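K.L.:
Kindly generate the corresponding structure for this input.
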Amino acid sequence: MAFQDLLDQVGGLGRFQILQIVCLCISSIIVFPHVLLENFTAAIPGHRCWVHILDNDTVSANGTGLLSQDTLLRISIPLDSNLRPENCRRFLHPQWQLLHLNGTFPNVSELDTEPCVNGWVYDQSSFSSTIVTEWDLVCEFQSLISVSKFLVMAGMLVGGIIYGHLSDRWLAESARWLIITNKPEEALNKLRKAAHRNGRKNVADTLTLEVLRSTTQEELEAAQNKPPVYDLFRTRNLRKRICVLSFMRFTTFLPYFGLNLHVQHLGKNVFLSQVLFGVVTLPSNYVALLALNHLGRRVSQMLFLFLLGISILITTFVPEEMQSLRVALATFGVGVSSAASTSSATHGNELIPTVVRAVAVGVIGIAANIGAAVAPLLMILTVYSSHLPWIIYGVSPILSALAVRLLPETRNQPLPDSIQDVENERKDWRKAKQEEISMKVTPF
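P.N.:
The predicted structure is shown next:
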């Protein structure tokens, strides 16, 4: 397009663009840690039922002071299938006969047990206090943790809609968008500012309104008919892109936040896992950049999404005793999920015409935030199966990878400026296909 010529003159990637990227990174650094705080503020420490003879200091001192804590624990708390003390039940009465079984374990289901009617005792070795210990969000109340995480993500969804609209008043607009929306004077000021910061002062002086109008005549003519919002879904090709991109962003953010919001389910050491997740993010984005430039948008996304789904599914069925392998697979999954998100955002921006890009990105962003909000709610399904949420997290990016095939490749292609550009791509593709078929038929 003609605007690309102007962009090359003022500097396609210089200090001006780098400054914009730095400002965006700073805002992301400030915001994203608030989401990750849920891994610590809502951590579930080890817990068991409060037991009268074990946790009441007066009783222990008077009647059972000669018995060890392990002995009192054995007669007070039943063992689960892994021979560990139950988290959510206790014996109705102390089972003194268990002290004389010489290491054998009876059928606990035959003994009378009850829920933790007097509360819980928590392991404070890692976390002195969390919302779980503060409000006893364990056992039958554990699903409320997922609800609290959902409310945080739902707040981000609502905030993104409200403040995303308000931010248009304060953020610097794109010069391309200003041209498309028939604001050539403001676009000229933006281009001069970019040229000046990129060290191209001569271009800034020679770039006039007349030059801008003559160079971008096609874009200005298209701007005379500003499309309404419903035009996102009026034309067939653009409607298809919006729907596919929304589905892809939903199914990409679902496992992305499923991994990042449930670190404790992937490894016992939350602090180590969180550090590894953060460290792997930077190189994964660099790998995404290399893949986008060398493999193309579609192949890169399909590769990252398939790897993400497979890594989650494998992690789901790795025994908890193999902690190192689980953490390694989870870290790999976080890395490819970050790369997949970067690839998806890049591809999506290149598929949407400039005239409606801001609105389209907002619609697709809502789908992404819905996926982020649904991710913690899926953990409620653990009451049916502990593997079920993770299976969904693993299958969703595979479905997203399959959906990538419905979108065209955009590497080394000009950005579409108008909706007509998107529809013409479909016609050009059909024309090229017909020419290809005719060339194959002609020799015979």
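
K.L.:
burial count for residue 76?
P.N.:
22 (other Cβ atoms under 10 Å). No exception for glycine: its C-beta is placed from N, CA and C like everyone else's.

K.L.:
Next up, the contacts around it.
P.N.:
Residues in contact with residue 76 (Cβ atoms under 8 Å, 6 or more residues apart in numbering) are 49, 51, 53-54, 90-91, 94-95.

K.L.:
In whichever strand or helix holds residue 246, which residues are buried?
P.N.:
Element membership of residue 246 [criterion: DSSP states H and E] is helix 236-260. Neighbour counts using 16 or more other Cβ atoms under 10 Å place 237-238, 241-260 of helix 236-260 among the buried residues.

K.L.:
In terms of secondary structure, what does the longest helix belonging to the chain contact?
P.N.:
Ranked by residue count and defined by DSSP state H, the top helix of the chain is helix 323-351. Identification of packing neighbours for helix 323-351 by 3 or more Cβ pairs under 8 Å, 6 or more residues apart in numbering; DSSP states H and E yields helix 236-260, helix 270-294, helix 297-316, helix 354-377, helix 388-404.

K.L.:
Quick check: mean pLDDT of it?
P.N.:
In this model, helix 323-351 has a mean pLDDT of 90.

K.L.:
And stretch 237-256, by the same measure?
P.N.:
On average, stretch 237-256 scores 91.

K.L.:
looking at the chain, which helix or strand does the model trust least?
P.N.:
Scoring the helices and strands of the chain by mean pLDDT, DSSP states H and E places helix 57-62 at the bottom, with a mean of 54.

K.L.:
What residues of the helix or strand following that helix count as buried?
P.N.:
Next along the chain after helix 57-62, taking DSSP H and E as the criterion, comes helix 69-76. Buried positions in helix 69-76, judged by neighbour count with 16+ other Cβ under 10 Å: 72, 74-76.

K.L.:
which among those residues gets closest to residue 195?
P.N.:
residue 76 (76.5 Å; Cβ to Cβ).

K.L.:
If we ignore the residues flanking it in sequence, what's nearest residue 350?
P.N.:
Among residues not flanking residue 350 along the chain, residue 410 sits closest, at 3.9 Å (Cβ to Cβ, 6 or more residues apart in numbering).

K.L.:
and the spatially closest residue to residue 76 that is not a sequence neighbour, how many neighbours?
P.N.:
Ranked by Cβ to Cβ, 6+ apart and with sequence neighbours excluded, the top spatial neighbour of residue 76 is residue 51, at 4.2 Å. For residue 51, the count of nearby residues is 20 (other Cβ under 10 Å).

K.L.:
Show the backbone phi and psi for residue 51.
P.N.:
phi -120, psi 140 (degrees, to the nearest 10).

K.L.:
What's the per-residue pLDDT of it here?
P.N.:
On pLDDT, residue 51 comes in at 87.

K.L.:
List the contacts of it.
P.N.:
Contacts for residue 51 (Cβ under 8 Å, 6+ apart) come out as 72-73, 76-77, 90, 121.

K.L.:
okay if I get those residues as a markdown table plus pLDDT and distance to residue 11?
P.N.:
Formatted as a markdown table, those follow (pLDDT from 0 to 100; distance: Cβ to Cβ, whole Å):
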| residue | pLDDT | distance to residue 11 |
| --- | --- | --- |
| 72 | 81 | 74 |
| 73 | 82 | 70 |
| 76 | 84 | 73 |
| 77 | 86 | 69 |
| 90 | 86 | 70 |
| 121 | 89 | 64 |
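
K.L.:
which outside residues touch the host helix or strand of residue 144?
P.N.:
Under the criterion of DSSP H and E, residue 144 resides in helix 143-166. By Cβ under 8 Å, 6+ apart, the residues outside helix 143-166 that reach it are 34-35, 38, 42, 44, 131-132, 135, 137, 257, 261, 362, 365-366, 369-370, 372-380, 383.

K.L.:
tilt between it and helix 236-260?
P.N.:
140 degrees (axes from the mean of the first three to the mean of the last three Cα atoms, to 10 degrees).

K.L.:
ok, the closest residue to residue 407 other than its chain neighbours - contacts?
P.N.:
Closest residue in space to residue 407, ignoring its immediate chain neighbours: residue 244 at 5.9 Å, by Cβ to Cβ, 6+ apart. Contact partners of residue 244, counting by Cβ under 8 Å, 6+ apart, are 403, 406-407.
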